[in-house]
Every structure is written in C-alpha cells, then in structure tokens.
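Asks: sequence unknown, structure follows:
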C-alpha cells in the first residue's frame, strides 16, 4: 500500500513539487520557532543564581554628556603619553568617589547592604574572556564585585567563600567561579584553592600576580536573565582603593533594601548620590523592573518569527488545498473505477490522505536531514539535543496535523464520487 | 453584462466554500502583512506633523572623522553646525537639537523616565508643533540659559495629571525647569521631533559641548524650496571638506546633510564616507522585499485558480461549443479573480486596522498613532489589484487553451 502511494505521488511530481517545497520551508521555520520557544522554556527552569526582589541597581557615569550617541573609536594605540597620566588621575578620582558613594548609601536606614560591580544583571553589558587552558579553548563570562557583592545580590555560595580583606595581600588574582566552571576545569578535585593557569602564562616569566586562584564557587550567575543559556562565569575582585589600571572597574552600584521598602526609596537614594557627586549622572532602576524590560526584548524576535511561521503555514494550507482539489477533479475516472471494483468511500478517503501523508513525509525527511545538522555540528552549542528533539517532535506533529486537516475536504469530495457518474465519460 | 459576470462569479465562489475560504484567508493575511508594513514605513518617513516642511528640510545627523588609523563617528557637534552650517545660500533657517537623553525624575514619589532634548529657538520655527498650552521658548531664553521647558502631553500627565502645566516646575536629572509650553505627543519613530522635555541647549550641565566638532546634536536646515536642497547639500559638503582637522590623527571629515530616509539608507548600506546617497538602493530593497514576499502567496493562489478552472472544464467546453469567445470567458474569469482578491483585500483592510490599533495600544513605538490614512489605503488597493491580476494571468491562459472537445469528453489535462 505504501509503495503504491509513493508511486501515485511520484506520478504527479510536477504539481507536488511546489507543495513539497512549501511544506519543507514552513517545517524549517516552524522548527526554528519551536526550538527558540523550547530553549527559552528550558532555560527558565534553571536557577538564576541571584535575588531579584528588593534590589536596586544604580549605574553611575562620571561626566554628564550632552547626549548619548553612538561613538566608534578605533585606534591602533598610537602614543598618547600625556593622556595616560590624565586617565590615571581620573580613574583614581572615580574610584575614590565610588567608595564615598557606597559609604553615603550605607547610612540610609532602608539599606541592608551595598556593593559595587562591573556587570550587573539585565544591564545588557557583556564582558567575556577567552583563554587557552591545557590546549583547550575556554570562554568565560566575566564580572567583578566588591566584597559585599555576594551578600547584596544573594549569591548562593557552594564552596569556599566570597572575597574578603584576606585577599588584600595575596600574590595572585583571587576569583570566584560558578559551578559550571568548577565542574569543567576541576571535575575530580576540590576547586577551592586551585589555580587556573592559562597556557601562555605557563611559559615565560609572566607576572605571578596575574594567575587566577579560585577562592569560592557559586551556584550560578545568569546575568542575562531567565531565558539566557547557562554559561561559564568568573568573578574578579573589585578594590576601590586599588589604583592600578588593569584591575576591574565597577560602575554599577547594587543596593539590597530591607523588606517593606517602597519605590519612594529610589528618589532618596538618588538624591543622596547627587548630593555627593553633582556632576555625575545616575540612573536607578529596581532590578525587577529591569528584568521585565529585558525579558520583553528577549521575546520580541520570537514573536516576530512566530508571525512569519504562521504566515508560511497558511500558505501551505492554501497551496495544498489547491493542489488536492485539482487532483480530485482530474482523477474522477480513476476513483470511479476503483469504486466500481468494490472500494468503499473510506478506502478512497484513506488513499487521498495517505498520499498527502507521503508527500509530507518526503518534505519533512529532507527537512530533518537539514535540521539535524545543527545539533551534530554544534552550530548553537548552547542548545542541548533534548531541546532540539522536543522542538522537532512538536513541529512534526503540527505539520502533519495541518496537512491532514487540509486533505480532509478534498478526500470527502473524492469519496462521494459515484462510479456511474465517473465512468460516464468513457 | 458586468452584472451577469458579478452574479456568476459570486455563485461560483459560493459553490466551493472551503476553497474560497482558504483563498480569502491567504489573500487577506498577505495583504495584512503588506498593509501593516506600508503603514509603518509611511509613519516613519512620510511628512507628518510637526515635520510639515519635510520636503524642504535637510538634517545633519552625524559626522565622521577619518584618519589612517582611526575613525570617529558621532552625532554632529556644536562646532560643526555653528561654524559651517550657518549662512548657506538658499537656507532660510538653521536649528539644532540634541540627541535624546534619558532622564529620571521623582514627582510625588513615583519614578518618571523622560526623553530630554536640548534645542535652540529656531527649532520651533522649522518644526510645526501643535501647542496645547503656552508656546515655545524664545531666543532670549536660549541666550540667557533660562531654565524653561516645553513638555509633551504625556509628560504633563505623568507630572501633573490632566491639570494645566504652564508656569509649574519640573525636575529632570537634578535640574529644575519652568514649563512654558505643552505640545502634542510625537511618535518615537521620528528622531528629529520626538521628545518628552525640550529645554534650551544652554542649560546643559557642562559647557564642554561648545568646543566639540562632533557629538551630541542634529543640525536642521530649512531651504527656501525643495528645488534648493541639492544645492544646499553640495555647498555644505564642500565647506565640510575644507574644514581644518581638530587632531593630527584625522585627515577627512564627512558630514552629509540629508533626509531621514537617506540617513537610514546610508546606515543600512554602509555609506559614511562618500557623497553619493544610497536612497535608491533602499527603495529597491523595499520594493524587492514586497515582491519577493508576494511571490509565495501568488503562486499558491495561481494553483488554487487553476484548480477552480479545471473543475469547470466541462462547463467551459459547453460554452465554447456554443460560441463563447475566449475573450468573454477570460473576462469572466478575471472578474471572478479580482472579486476574490478585492474581497480578500477588504477583509485585509479591516484586519490591518485592527492590527495597527493593537500595535498602537501595545505601545511598541512610544506615542505612535498608527492608522490607515489615504496614502496607505491607495497603496493597499493597488497591491490587491496587482495581486489579483498576477494570480489571474496564468490560469486565464490555461483556460483559453482548453480544447472544447476534450473538455466535453472529460479527458483531464
């Protein structure tokens, strides 16, 4: 029976080709949309790593500018010796002022704890570091925080500790990593106290103070939010009294407030800051609000893709109906002959739906062959095979449901053809 | 005769309701997408209050300094506009306005985020804002750096509720301003005229902007007539080309005076450094995208139409045998098709209006009031007709070739 259906489909390959291509195209787009959706849903379940409620982030910019415009400055590092010391002075002043601002905020009654950080959640900023360790390439998301950062953000410490004054005199660069990094780099031993040695450092007499040593492990820090894929994350320590250029700079102030604090707190906090640094510009936002805005941005492309997918599915419905209608019209004699030889109405219906299923199967097999390349070649390494599998299954079900629904009416039309009517024209 | 055609077409379409429904669904969805896209393009680029003099306005959005090792691209600076954009021939007025800046205020304990812009007094004479209360600030205010502001209706509502705002004070980014005028909201998709709070540029927190060649502003040039624009462009370009460099790292300065459409085209197709515009490319890209988009629905509709004809092969055979000319049959078919597409188009219009209302309500673009105006309606009508004709030609040709004898005998293709 199946082979027969294949033959029937092949006989009309010219008119079936367009439909097959449309089914293929909409299957691919639908798979992309469902993969996105399942990916987001899967990520949503995973731990965020920090608290969102009762936290405010205030970004501080040192000079008020006439307006925010896009500025691209590319330079090959031509000498600017005089400018360098000017930059040094500005940096020292900035850090000293930041320390003062933190002190000023600590005095407010609503404030439970305050810290400064480089990359805060939902901020849209990214700082990554690519390192070679033992010949393998690793990419880490980076951030930096003061000693109070873990307490302020509610980070979950799994092992070791966050930064403290103990690290002041250390001969290395203390770092805190997330569980993923610990598992990847030190699967068998206790990561606390281990050095992360970059390949290029192993050789020449590199500055030993640059070597990273793990002092603690946190569960997670998904700075881009609930929909982002989990990544490797490393925290540097921020020391506001450190004047060196290559130490991390912190431009965001994070505040944890006591339960019961209202939104009116924001105005007071900003007023305190403006009082202490009138020429600076401050932008304050509750982290829950940043989250809502950021999640909306994450969903926007998905919504757009879903609209495109819907459109393509409607096109498939249109095309398929047209082709099937034509088939039914042109094959009345064939149907009539079959009925005369004893086929029932149900048989005729089954045959037509069977042909449609075969056509869809050909198109989706080609589609699967294309789509399965993505997990195999690890094009999007963040997406797990499980996510791919689930989304492909959903897309297949949708496509088959659509094509079979479109075949319903033409099949019914074919099944009511009377043998006498059909054979009349012979 | 036309009435007969219409009646026949109506009966035919009703006969196979399922397929008619699917055709209508497909056509209307296609047209909804095209109409919404057209409405968005119209909303962004076509002349609209307060940019009523758009046909004789040029804007200097940005400038680029290029050197052998470095490139610096930024908004136009105060120096660029003040030194090189004044006293051009055939230019009636020159204005400047800063790029929007997000500022926060805390009226009555709630947080308000506003888009702040700093302009001069000429700005209000080039753009034709609708003042709901009061009026713009004057040259005097700009000279003195008075802390006055013009706010939009949305800002008035956020700060004062529905009460009149002129004479009251608002606080933005730590500075206090007295409201002198309230204007109607302008959509965020119009970069030249959108904004929540407008203040004189002399109220900026630091004076640093005065020394900068690039950064922070847009320069607006109002020509005497649309025909003067090319001349103004060329003259400004030649002045900019001979401007002295601020830094030994840079050798050339490029700062085009252009329309918003040209600016978007330049950004899309990567033109920064020469004077030819990319506007034609953007047009072709838009039209090309529309046609490409129409391709799939047209092919599907053609398929559906061919099926519809072939089902009635015997009827067509009989009519031909009785002497109906090809012309009559083709005309009848075209009427059927155009009726179907216009009906789909009408549904599409209704659905687009709903979709545009939904987009406006969802505030995807702040302060935008999207609707189907006369221009968009005509485009939509034109698209429906094009669509109907395109999808009717091939099936009509197939019908004309039908052999009456074969059709009557029921021999399929």
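Replies: Thanks, I have the structure now. Predicted, not measured: the structure shown is a model, and the values here were computed from it.
Asks: now do the longest helix belonging to chain A: which elements does it pack against?
Replies: Counting by DSSP state H, the longest helix found in chain A is helix A:287-330. Secondary-structure packing of helix A:287-330 (3 or more CB pairs under 8 Å, 6 or more residues apart in numbering or on different chains; DSSP states H and E): helix A:13-45, strand A:55-61, helix A:345-371, helix A:385-415, helix B:17-45, helix B:279-311. In this view, the C-beta of every residue, glycine as well, is placed from N, C-alpha and C.
Asks: if you set the cut-off to 10 Å instead, what comes out?
Replies: Helices and strands touching helix A:287-330, by 3 or more CB pairs under 10 Å, 6 or more residues apart in numbering or on different chains; DSSP states H and E, are helix A:13-45, strand A:55-61, strand A:252-257, strand A:281-286, helix A:345-371, helix A:385-415, helix B:17-45, helix B:279-311.
Asks: now the next helix or strand after that helix against helix A:345-371, angle please.
Replies: Per DSSP states H and E, helix A:287-330 leads on to helix A:332-340 as the next helix or strand towards the C-terminus. Between helix A:332-340 and helix A:345-371, the angle comes out at 120 degrees (axes from the mean of the first three to the mean of the last three CA atoms, to 10 degrees).
Asks: report how many residues lie close to residue A:173.
Replies: Residue A:173 is flanked by 19 other residues according to other CB atoms under 10 Å in any protein chain shown.
Asks: and it, how close does it get to chain B?
Replies: In this structure, residue A:173 and chain B are 32 Å apart, going by CB to the nearest CB, to the nearest Å.
Asks: residues contacting that residue?
Replies: Residues near residue A:173 by CB atoms under 10 Å, 6 or more residues apart in numbering or on different chains: A:167, A:195-196, A:207-213, A:236-237, A:246-247.
Asks: quick one on the thing from earlier: now the helices and strands packed on helix A:287-330 as TSV including mean pLDDT and distance to residue A:154?
Replies: Formatted as TSV, these follow (pLDDT from 0 to 100; distance: least, CB to CB, whole Å):
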stretch	mean pLDDT	distance to residue A:154
helix A:13-45	90	19
strand A:55-61	90	8
strand A:252-257	94	7
strand A:281-286	86	15
helix A:345-371	91	40
helix A:385-415	91	28
helix B:17-45	89	42
helix B:279-311	86	48
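Asks: nearest to residue B:357 among those would be which one?
Replies: Among the helices and strands packed on helix A:287-330, helix B:17-45 comes nearest to residue B:357, with 11.0 Å by CB to CB.
Asks: deepest in the core, which of the helices and strands packed on helix A:287-330 is it.
Replies: Ranked by mean neighbour count, these are led by strand A:252-257 with a mean of 24 (mean count of other CB atoms under 10 Å in any protein chain shown).
Asks: now the longest helix of chain A: average pLDDT?
Replies: For helix A:287-330, the mean per-residue pLDDT is 87.
Asks: how far out from the middle of the chain is that helix?
Replies: 20 Å (CA atoms, centre = their mean, to the nearest Å).
Asks: what do you get for stretch A:229-241?
Replies: For stretch A:229-241 - counting by CA atoms, centre = their mean - the centre lies 20 Å from the chain centre.
Asks: pull out the buried positions in it.
Replies: Residues A:229, A:230, A:231, A:232, A:233, A:234, A:235, A:236, A:237, A:238, A:239, A:240 are the ones in stretch A:229-241 that count as buried (16 or more other CB atoms under 10 Å in any protein chain shown).
Asks: same thing with stretch A:255-264?
Replies: For stretch A:255-264, by 16+ other CB under 10 Å, it's A:255, A:256, A:257, A:261.
Asks: ok, and what's touching that stretch?
Replies: A:51, A:53-58, A:102, A:105-106, A:108-115, A:148, A:151-154, A:265-266, A:269, A:284, A:286-287, A:289, B:106, B:108-111.
Asks: contact partners for residue A:123?
Replies: A:57, A:59, A:117, A:143, A:223, A:224, A:251, A:252, A:285, A:287, A:290, A:294.
Asks: so the second one sits right up against residue A:284, yeah?
Replies: Yes - contact between residue A:59 and residue A:284 holds when scored by CB atoms under 10 Å: they sit 8.1 Å apart.
Asks: who touches both of the two?
Replies: residue A:253.
Asks: can you show me the helices along the stretch 51-200 of chain B?
Replies: Taking DSSP state H, counting those that start in this stretch as the test, the helices found in the stretch 51-200 of chain B are B:78-84, B:123-126, B:139-144, B:153-160.
Asks: for the first one, buried residues please.
Replies: Read it as helix B:78-84. Buried-residue list, helix B:78-84, by 16+ other CB under 10 Å: B:78, B:79, B:80, B:81, B:84.
Asks: just checking: which of the residues you listed also lie near chain A?
Replies: Near chain A, judged by CB under 10 Å from any CB of the partner chain, the entries from these are residue B:78.
Asks: does residue B:105 touch residue A:266 like I think?
Replies: No - using CB under 10 Å as the test, residue B:105 is too far from residue A:266 to be in contact (11.1 Å).
Asks: still on that earlier bit, any of the contacts of stretch A:255-264 buried? List them.
Replies: Counted by 16+ other CB under 10 Å, these give A:54-58, A:102, A:105, A:110-111, A:113-115, A:148, A:152-154, A:265-266, A:269, A:284, A:286-287, A:289, B:106, B:111 as buried.
Asks: the longest helix of chain A vs helix A:13-45, what angle?
Replies: Using the same axes, to 10 degrees: helix A:287-330 against helix A:13-45 is 160 degrees.
Asks: neighbours of residue 104, how many?
Replies: No chain specified, so I'll use chain A. 16.
Asks: if you could check chain B rather than the one you did, that'd help
Replies: Residue B:104, neighbours per other CB under 10 Å, totals 20.
Asks: so what's residue B:386 up against?
Replies: Counted by CB under 10 Å, 6+ apart, residue B:386 has contacts B:290, B:291, B:294, B:298, B:341.
Asks: now swap in residue A:404 and tell me
Replies: Residue A:404 neighbours (CB under 10 Å, 6+ apart): A:353, A:356, A:357, A:360, A:411.
Asks: which one of those is nearest chain B?
Replies: residue A:411 (11.7 Å; CB to the nearest CB).
Asks: surely the closest one and residue A:356 touch.
Replies: Yes - Residue A:411 lies in contact with residue A:356 (CB under 10 Å); the separation is 8.3 Å.
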